[in-house]
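# Below is the sequence, then the predicted model.
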Amino acid sequence: MGEDRMRIRHWIYAGLAAIVVFTHFLSVYFAVQAFQSKAALGSNHNFASATYHFVLIPEEMDNPYWQKIKKGAKAAADEMDAVIEYSGPIQSDTKKHKQMIEKATASKVDGIITQGLSKATTPSINKAIQHGIPVVTVDSDAPDSRREAYVGTDNYAAGKKAAQTLIQDIDGPANVGIITGSRDAANQKLRVQGFRDAVGDEADIQIAAVKSSHISKVRAAKTAYEMFLKHPDINAYFGTSALDGLGISAAMQSVGQVEDTYILAFDQLPQTSQLIKKGRIDATIAQRPYEMGYQSVEKMVKQKQGEPVQKVTSTGIKVIHRSDLGRGDS
Amino acid sequence: MIRIRTKLLVFLIVLLILLNGVAFLLYQSNQNALGQYNQLLNRFFLLNEVSQKTDRVYELLNTYLSEQTPKAYQKYLQERKTLKKKQAQLSDLANENNHITLENYRHMITSFLEESAIVSGAFQNDNINRYSEHLTETENISQMIHNATLTLLNGELTNYHSLYQQMKQKNAYFHQMGVLVFISTFFLCLLFAYWFSRGITKPIGDLTAGAKEISQGELEGNDVQVATKDEFRFLAHTFNDMRGNIREMVTEVNEKAQQEQLLKEMELKSLQSQINPHFLFNILNTISKTAYLEEAERTSDLIDSTAALLRHNLSRLDQPTTLGREMDVIREYFFLQQARFGERVTFQTTLDDACQAVAMPSMTLQPLVENAFIHGIESYEQGARIDVRTACEAGWVVVTVMDNGVGMDEEIRQDLLSLADDGPDKAASHGHATGLGVKNVIKRLQLFYQRDDLVTIDSELGKGTVVTLRLPFQQGE
């Protein structure tokens, strides 16, 4: 009896002590956790401040082509102690683009790298120059503005090259439909112009229609479809902006004409490469966006350091057929 | 000794420190969180203020342009100053994510201030074309500032969404810690209360049980054991000592009673033979004197000895006597026995004068001598011998009673020495003078001196017996 009671008492002691120890350890554990979590306002000023602060204003923020330009610009900026602020319209929008340039001007940045786009941007570019902010245009030029330099494709030459490629590949009479990103954008216009001038001498090459896609794959596909219905005799298409080729390919796929139609695209997006591999796009005129980004920053830094800068720099183009994509060569 | 008060104090202090520590921690974390919320809000407020001040500057500029009063101009200048001050504070908001936007923002404000200055300057110079153009520009920039404010606020919110999550997590941890500490403390208190109350009630219970035993007359119970080292241990010790003392005292009382019982027995026996002592003594005296007058001197001496012996035997037995007087009685006894047995026995006494005055219980030696006589040599026709010797040595007096009689076997010897009370003395069955046995003597000696090692008996059948008393005495008595 007494022994039983003693055993019960010992159990009570042991149980209570175990609970005390257990809860105590847990509480210490939580205390340690609480102290380890560093929930503090990041008011640190330990960020690197670069010598130059440049703004790169793209045509479209998420456009893969512009991402490549950004990559090149950042690589150059890292080498030259500069920061690149990449900020532009979400979707291609001339008005917004102008605002961005003006905003950068008001922000007194060290330099603006932007697309020439169209005549509309010229006053904004001039205003920035007036405020002492140098401007370098990439991808497409604004030749009438007071910009310091242009780095990019010679779009007129690219148009010509496209025409030559088409003539060479088809090797016969062709009725060509052109779908262009924008009828206002200088680069697009130059490409179309170059194409037109190059085929002007050829008797058996006709341009059936030129339509705008407003830089949208869906609109490009729609436009190509309409063009197909209106001119069923078109046997070659030329898309002058990056998404046009994809749109045309999709439209031809849907009407079952993708094999019989020659499709020439512009720019080399990953999708473009895939479609070329599948034979749904025949060739593309590839630009060198990375080079553009890199060289534009280079020019900007040179300008800032007071060195003379070459006004126009062509980064070159490359024609890519299926045969060029054999071994991961871009 | 850890006092009960010390225990309580220590426990309370530990509890206090624990709970206060937790409370302090929780308070501190709350203060921290509050501080961070404040900081966060201040950032929002600053951005908002900048945006509003920009509007206000633009508004006042327009007011000045339409009212054209110096007062309006002053107001406008005043507001410009506040905006500049706010602009200066903006650098505090910089962090890794927003420093570029923030730099742009600050420059925009500068541009805004510049443009508005151009407007007011052109206005004062009446250059209408210029000022209207720049007024539009000013408005545009103010619009940009608005947009940038929103961008920055957005950034802040995104940035602090994660911070808020972390803070929430941290607070949750603190909360869990607090709850667990309270649970832990609760059980700690429970444990302490249980342990502490047992530490009090158990010794009290044991002491109560012990006291109950004592009150029921049981003094032989186990000692009360107390495991703790507090006041109860002292109490239990005292209680155990007290019980021990009571036990000893009771034993002492019991022994005294037993001693008295033995004396009573002796007195009773002597009273049985006491018909009328005074009458007997007077008769004996008369006979002695008559014998003397009739010139029977030996008869007179014998009667005197008998009277002396009787007187001694009938005297108060509970009063201690001295060794010298005991020896006198022995001599009277020997004289009478010598007269009776003549040449058959030889008696000899040797008394060390130094220990004549040693105190001892009365009727100690005579029963031993009687025993030697009756059981040892009575059957001898001749050559019987009894020898009584006393010797003193360093605090001890040694009395030896020797006879050369028949001796006794081991069984009888052990029986005499054993203290077991087995009824009336076997030796008492024989008729002899006092009727007191050896056993009675040994027992009384033990009670008188409170020792067991006083008497030794050596005996051999056919050769005789030696009884040795070794009694302690205090010198100078």
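Alright, I've got the coordinates.
# Report the secondary structure element holding residue 165.
Defaulting to chain A. Using DSSP states H and E, residue A:165 sits in helix A:155-170.
# not quite, I wanted chain B
Taking DSSP H and E as the criterion, residue B:165 maps to helix B:128-215.
# what is the mean pLDDT for that helix?
Mean pLDDT, helix B:128-215: 87.
# what about that helix, near chain A?
Yes. Shown here: helix B:128-215 in contact with chain A (CB under 8 Å from any CB of the partner chain) through B:140-141, B:144, B:147-148, B:159-160, B:163, B:166-167, B:169-170, B:173-174, B:176-178, B:180-181, B:183-184, B:187-188, B:190-191, B:194-195, B:198. In this view, the C-beta of every residue, glycine as well, is placed from N, C-alpha and C.
# Would you mind confirming that residue B:225 makes contact with residue B:233?
No. With contacts defined as CB atoms under 8 Å, residue B:225 does not count as touching residue B:233, sitting 9.3 Å away.
# What residues does the residue of the stretch 201-330 of chain A found nearest chain B make contact with?
The minimum distance from the stretch 201-330 of chain A to chain B, using CB to the nearest CB, falls at residue A:297 (15.6 Å). Contacts for residue A:297 (CB atoms under 8 Å, 6 or more residues apart in numbering or on different chains) come out as A:54, A:72-73, A:76-77, A:80, A:82, A:84, A:113.
# Local confidence estimate at it?
pLDDT, residue A:297: 93.
# same thing with residue B:266?
The model's pLDDT for residue B:266 equals 76.
# Pull out the buried residues from the helix holding residue A:165.
Residues A:155-163, A:165-167, A:169-170 are the ones in helix A:155-170 that count as buried (16 or more other CB atoms under 10 Å in any protein chain shown).
# show me where chain B has strands.
Assignment of strands within chain B using DSSP state E yields the ranges B:321-322, B:345-350, B:359-360, B:384-393, B:396-403, B:455-460, B:464-472.
# and residue B:24, which of those is closest to it?
With CB to CB as the measure, strand B:464-472 is the member of the strands of chain B nearest residue B:24 (77.3 Å).
# follow-up on the earlier one: now do the helix holding residue A:165: distance to the chain's middle.
Its chain's C-alpha centre and that of helix A:155-170 lie 23 Å apart, by CA atoms, centre = their mean, to the nearest Å.
# Which neighbouring elements make contact with it?
In terms of contacts (3 or more CB pairs under 8 Å, 6 or more residues apart in numbering or on different chains; DSSP states H and E), helix A:155-170 is packed against strand A:174-180, helix A:186-199, strand A:205-212, strand A:236-239, strand A:262-266, strand A:283-286, strand A:318-321.
# now the end-to-end length of stretch B:357-364.
One end of stretch B:357-364 sits 15 Å from the other (CA to CA, to the nearest Å).
# wait, what's in contact with residue A:180?
A:188-189, A:191-192, A:210-213, A:239-241, A:244.
# Report the beta-bridge partners for it.
Counting by DSSP bridges, residue A:180 is bridged to residue A:212.
# From residue B:105, how far off is it?
38 Å (CB to CB, to the nearest Å).
# Let me know how buried the closest residue in space to residue B:50 that isn't next to it in sequence is, in neighbour terms.
Distances taken as CB to CB, 6 or more residues apart in numbering or on different chains put residue B:86 closest to residue B:50, at 5.0 Å, once the chain neighbours are dropped. Per other CB atoms under 10 Å in any protein chain shown, the neighbour tally for residue B:86 reads 18.
# go on, the one 5 residues further on?
Burial measure for residue B:91: 12 neighbouring residues, criterion other CB under 10 Å.
# what's the answer for residue B:340, then?
The burial count for residue B:340: 10, using other CB under 10 Å.
# circling back to that earlier point, as CSV, the contacts of residue A:180 with neighbour count and pLDDT would be great.
Output for those, formatted as CSV (neighbours: other CB atoms under 10 Å in any protein chain shown; pLDDT from 0 to 100):
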residue, neighbour count, pLDDT
A:188, 26, 89
A:189, 19, 89
A:191, 30, 91
A:192, 21, 93
A:210, 17, 92
A:211, 18, 91
A:212, 21, 89
A:213, 25, 87
A:239, 31, 93
A:240, 32, 92
A:241, 27, 88
A:244, 33, 90
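# on that earlier part again, for the helices and strands packed on helix A:155-170, state which one has the densest average packing.
strand A:236-239 (a mean of 28; mean count of other CB atoms under 10 Å in any protein chain shown).
# Any idea how far that strand is from the middle of the chain?
For strand A:236-239, the distance to the chain centre is 22 Å (CA atoms, centre = their mean).
# quick one, what contacts the closest residue to chain A within the stretch 201-350 of chain B?
Residue nearest to chain A within the stretch 201-350 of chain B (CB to the nearest CB): residue B:202, separated by 10.1 Å. Residues in contact with residue B:202 (CB under 8 Å, 6+ apart) are residue B:226.
# Distance-wise, check it relative to residue A:213.
97 Å.
# Within range of chain B, give me the residues from the stretch 51-200 of chain A.
Residues of the stretch 51-200 of chain A lying close to chain B (CB under 8 Å from any CB) are A:53, A:83, A:85, A:99, A:102-109.
# Most neighbours among those residues, which one?
Ranking these using other CB under 10 Å puts residue A:104 first, with 30 neighbours.
# helix/strand/coil for the closest residue to that one other than its chain neighbours?
Once flanking residues are discounted, residue A:104 sits nearest to residue A:55: 4.3 Å by CB to CB, 6+ apart. Assigned by DSSP: H, G, I helix; E, B strand; the rest coil, the conformation of residue A:55 is strand.
# of residue B:225 and residue B:233, who's got more company?
More crowded of residue B:225 and residue B:233, by other CB under 10 Å: residue B:233, with 17 against 11.
# Now that one. Nearest residue, chain neighbours left out?
residue B:226 (4.6 Å).
# what's near enough to touch the one you found?
B:202-203, B:206, B:232-233, B:235-236.
# before we move on, what about residue A:237?
Per CB under 8 Å, 6+ apart, neighbours of residue A:237: A:176-179, A:224, A:227, A:248, A:252, A:261-264.
# Any regions of the stretch 1-150 of chain A where pLDDT drops low?
Counting by pLDDT under 70, the stretch 1-150 of chain A contains low-confidence ranges at A:1-2, A:38-48, A:117-118.
# how about the helices in chain A?
A:2-36, A:64-79, A:94-106, A:121-130, A:155-170, A:186-199, A:217-230, A:242-255, A:270-278, A:289-304 (DSSP state H).
# Next, format those helices as CSV and append distance to residue A:144.
Shown next, in CSV, are the helices of chain A (distance: least, CB to CB, whole Å):
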stretch, distance to residue A:144
helix A:2-36, 61
helix A:64-79, 22
helix A:94-106, 15
helix A:121-130, 5
helix A:155-170, 15
helix A:186-199, 10
helix A:217-230, 29
helix A:242-255, 25
helix A:270-278, 32
helix A:289-304, 19
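# between those, which one is nearest to residue B:211?
helix A:2-36 (19.5 Å).
# That closest one to helix B:128-215, inter-axis angle?
Put simply, helix A:2-36 runs at 160 degrees to helix B:128-215, going by axes from the mean of the first three to the mean of the last three CA atoms, to 10 degrees.
# where in the stretch 201-330 of chain A is pLDDT low?
Looking at the stretch 201-330 of chain A by pLDDT under 70, you get A:326-330.
# mind listing what's buried in stretch A:66-75?
A:66-70, A:72-74.
# Tell me which two in those are the farthest apart.
Taking CB to CB as the measure, the buried residues of stretch A:66-75 span a maximum distance of 12.3 Å, between A:66 and A:74.
# My guess is residue A:266 contacts residue A:243. True?
No. With contact defined as CB under 8 Å, residue A:266 does not count as touching residue A:243 (9.3 Å).
# on that earlier part again, ok, which of the strands of chain B comes nearest residue A:220?
Taking CB to CB, strand B:464-472 is the member of the strands of chain B nearest to residue A:220, at 137.9 Å.
# Note down every partner strand of that closest one and its orientation.
Assessed with DSSP bridges, strand B:464-472 is paired to strand B:396-403 (antiparallel), strand B:455-460 (antiparallel).
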